[in-house]
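1. sequence unknown, structure follows:
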C-alpha cells in the first residue's frame, strides 16, 4: 500500500459483569485514552436486547464521547438501518457531526444477528429489502434533502433536513462486508470497507474494490480505506497476552450468542476459544514484537491500510484494556506510519 496504515478501535461494549452505568464511565475514559494515544477512530457497534452490546443507542454514547474528546473520529459500526427510520437517523447524524465539530463517521448495515431484529417485531425475511430501501434514503439524505419517496417500507414527502452535517458533502461512510457484491455502489459513494473475514478471503474483495474505484478515476492516497476488524490482546509477552485472551474470550463468547440461545434460534458460528480465533485469523494475542509481525502479514496478505481493533472484550478490566492500547500505540503503530 502506498500510504501508511491507520488504526482504529472497534467496540461492542459487551457485558463485563459491572453495571451499565459503570461500564459507560469506564469506556468513556478509555475513549479519552485512545485519543491521547493517537488512534484514528472509535467505532461502536449496535446491538439490542443482548449482552453482546450494552450500548443499544450508538448515537447516545457517541454524543457523550464527543464532549470528552476533540480529535479522535467517532462512528457507528454500524447503524442497523432496519431498526431506524431514515429521517431520524439522518437527524441524529447531523446533530452528532455538530456536537463533535465534524468528526462523525457513518457506518451502515443490516446487522448479523436476526434474533435482535425480532425484538422489534420485524420479520427476518423483511430485513434485506428494508435495509436496501433505507440505505438509499440515508445516502441520499446525507446531502441534506430527500426527494418524495413511496416504497414498500417508507412513504415520505420531500424532506429538507434543518440540521445538516458539518462535513461536506457528508461524513465518511463505512460498510462491513464479506464479499464484492456491493463494491460498485461503494466506489460511487467513496465508502470505506471493513471486512470481518480472514485475510486471504478479504484480499480479492479489496482488490476488486480498488478496480471499481479506478474505473471512476479514483486512485492514490485519497481513496477510501480498506480494512479489517480484529480482536487483539497486547501484553509484555506472548504467553501473558494469549492467557488474557483465553480468559476474556469465555465471557465474550457467552455474550455473543446470548440472545439466539435464549430464543432457540440458530447461533452465529464463533470460535470456541481465543486460540481457535487466532488460528482462524480473526484474533491475535502477543507481545509488541509479535503484534508488529502480525500487522505486517495482514497488510501484505489482505492488501489493507486500516485495522479496527477490538482490544476490550469479555471480562477484561480497565487496566488490561489500557495496557493493550498503550503497548500497541507506543510500540506497534509507529512502525506503520
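-> That came through fine. Small disclaimer: the values here were computed from a predicted structure and weren't measured.

2. Provide a list of residues in contact with residue 316.
-> 16, 244, 248 (CB atoms under 8 Å, 6 or more residues apart in numbering). Any C-beta I mention is one placed from the backbone N, CA and C, and that applies to glycine too.

3. and if we set it to 10 Å?
-> Contacts for residue 316 (CB atoms under 10 Å, 6 or more residues apart in numbering) come out as 16, 233, 244-245, 247-248, 251-252, 322-324.

4. what's the answer for residue 230, then?
-> 10, 195-196, 199, 277, 281-284, 294-295, 298, 307-311.

5. can you redo the contacts of residue 316 as JSON lines with secondary structure, pLDDT and neighbour count?
-> As requested, those are exported to JSON lines (DSSP: H, G, I helix; E, B strand; the rest coil; pLDDT from 0 to 100; neighbours: other CB atoms under 10 Å):
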{"residue": "16", "secondary structure": "coil", "pLDDT": "95", "neighbour count": "23"}
{"residue": "233", "secondary structure": "strand", "pLDDT": "99", "neighbour count": "33"}
{"residue": "244", "secondary structure": "helix", "pLDDT": "99", "neighbour count": "20"}
{"residue": "245", "secondary structure": "helix", "pLDDT": "99", "neighbour count": "27"}
{"residue": "247", "secondary structure": "helix", "pLDDT": "98", "neighbour count": "15"}
{"residue": "248", "secondary structure": "helix", "pLDDT": "98", "neighbour count": "24"}
{"residue": "251", "secondary structure": "helix", "pLDDT": "97", "neighbour count": "18"}
{"residue": "252", "secondary structure": "helix", "pLDDT": "97", "neighbour count": "26"}
{"residue": "322", "secondary structure": "helix", "pLDDT": "99", "neighbour count": "18"}
{"residue": "323", "secondary structure": "helix", "pLDDT": "99", "neighbour count": "20"}
{"residue": "324", "secondary structure": "helix", "pLDDT": "99", "neighbour count": "23"}
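
6. Let me know the closest of those to residue 149.
-> residue 252 (40.0 Å; CB to CB).

7. okay, the contacts of residue 316 in CSV with distance to residue 220 next?
-> What follows is these, written out as CSV (distance: CB to CB, whole Å):
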residue, distance to residue 220
16, 42
233, 35
244, 40
245, 37
247, 44
248, 40
251, 43
252, 38
322, 36
323, 37
324, 33
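
8. and which of those residues is nearest to residue 78?
-> So of these, ranked by how close each gets to residue 78 (CB to CB), first place is residue 252, at 19.3 Å.

9. pretty sure that closest one is touching residue 11, no?
-> No - contact criterion CB atoms under 10 Å: residue 252 and residue 11 do not qualify, at 12.0 Å.

10. who touches both of those two?
-> Joint contacts of residue 252 and residue 11 (CB under 10 Å, 6+ apart) are 310, 312-313.

11. where exactly do the helices run in the stretch 1-150 of the chain?
-> 20-37, 58-68, 86-99, 114-118, 127-141 (DSSP state H, counting those that start in this stretch).

12. chain center to the first one, what's the gap?
-> Going back to what we said before, that points to helix 20-37. Distance of helix 20-37 from the chain centroid (CA atoms, centre = their mean, to the nearest Å) equals 17 Å.

13. I am finished for the moment; much appreciated.
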